[in-house]
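> Here is the input, now give the coordinates:
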Amino acid sequence: MPGGRLTQQERQQIAGGLADGLAYAEIARRLDRPTSTVTREVLRNGGPAAYRADLAHRATERRARRSRQHVPRRVPAPARVTDHVAGRDGAAVHAYEESFAELLTQQGLPRMMARVLTCLYMADEGSLTAAELVRRLQVSPASVSKAVAFLEGQGLVRREREEGRRERYSADDDVWYQSTVASARASLRLAETARQGVQVLGPGTPAAVRLENIARFVDFIGESINRAAEQAREVLHIKGEGPGGS
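The predicted structure is shown next:
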């Protein structure tokens, strides 16, 4: 029934549609459901490549049980900026944002840092102030400040001071390039330290040979990353274009 909770059979149809390479809109049409319902369902449960009907159904049942056990006082949240951009489905945007943040969390970023970084990636403005991050994420200023400090230390966010005391944060293409280069430099420092161990342990010994192999491997990887980052910066960078740009 359109508007009701998805059934297990409908989830199996979604999984089948994804396996057949169907678009969300086509799957939704066959189910007589809004496209946003299908989009949100898939992105909340692993994305199109990892979606499994049985796992999605069990996850939804667990969330429903937790919701019944603890129903917090609901405070209306202000509408997200992205919800009002022409041509965008606000529910799908929100589901995608949650999915992206969850992926970053799985790759090692703390949850709040992942949410802040995702919010910056998805901002059409290219940057956001602390107040804007607080409003969009509905968290405390202290949480945003801590997350930005962490991300800046990792080279993932750039901080700029505007007029007065207000600061603006961005995670643009150049920041990603700088972060990649910084990671490569850290690898090269590891190679230097490994070679110091070769002299300490004595060239030719089993431990020294092991460290020398580590240094050579890390050298190669670090230099390859540097070259790839430079090439990508020159060749793959896409300039932003407004609607109707060519």
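
> do you know how far the most centrally placed residue in the chain is from Leu120?
Here the mean C-alpha position of the chain is nearest to the C-alpha of Phe100 (Cα atoms, centre = their mean), at a distance of 3.8 Å. If you measure Phe100 against Leu120 using Cβ to Cβ, to the nearest Å, the figure is 11 Å. All C-beta atoms are positioned from the backbone trio N, CA, C, and that covers glycine.

> quick one on the thing from earlier: was I right about the residue nearest to the centre of the chain contacting Cys119?
No: taking contact to mean Cβ atoms under 8 Å, the distance of 9.7 Å between Phe100 and Cys119 leaves them out of contact.

> can you map out the helices along this protein?
When assigned using DSSP state H, the helices of the chain occupy the ranges 8-19, 24-31, 35-44, 53-69, 90-106, 111-121, 130-137, 141-153, 173-201, 206-235.

> would you list the ones you listed in a markdown table and tack on distance to Glu162?
Conversion of the helices of the chain to a markdown table gives the following (distance: least, Cβ to Cβ, whole Å):
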| stretch | distance to Glu162 |
| --- | --- |
| helix 8-19 | 45 |
| helix 24-31 | 39 |
| helix 35-44 | 34 |
| helix 53-69 | 41 |
| helix 90-106 | 25 |
| helix 111-121 | 16 |
| helix 130-137 | 11 |
| helix 141-153 | 15 |
| helix 173-201 | 17 |
| helix 206-235 | 26 |
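
> which stretch among those helices comes nearest Arg161?
Across the helices of the chain, the minimum distance to Arg161, taken as Cβ to Cβ, is reached by helix 130-137, at 11.8 Å.

> helices and strands around that closest one, which ones?
Taking 3 or more Cβ pairs under 8 Å, 6 or more residues apart in numbering; DSSP states H and E as contact, the helices and strands that helix 130-137 lies on are helix 111-121, helix 141-153, strand 167-170.

> which secondary structure elements does the second one contact?
Which is helix 141-153. For helix 141-153, the packing partners by 3+ Cβ pairs under 8 Å, 6+ apart are helix 111-121, helix 130-137, strand 158-161.

> Please name the residues that touch His57.
The contact partners of His57, by Cβ atoms under 8 Å, 6 or more residues apart in numbering, come to 8, 11.

> looking at this structure, which helix or strand is least sure?
Least confident helix or strand, the chain: helix 53-69 with a mean of 77, by mean pLDDT, DSSP states H and E.
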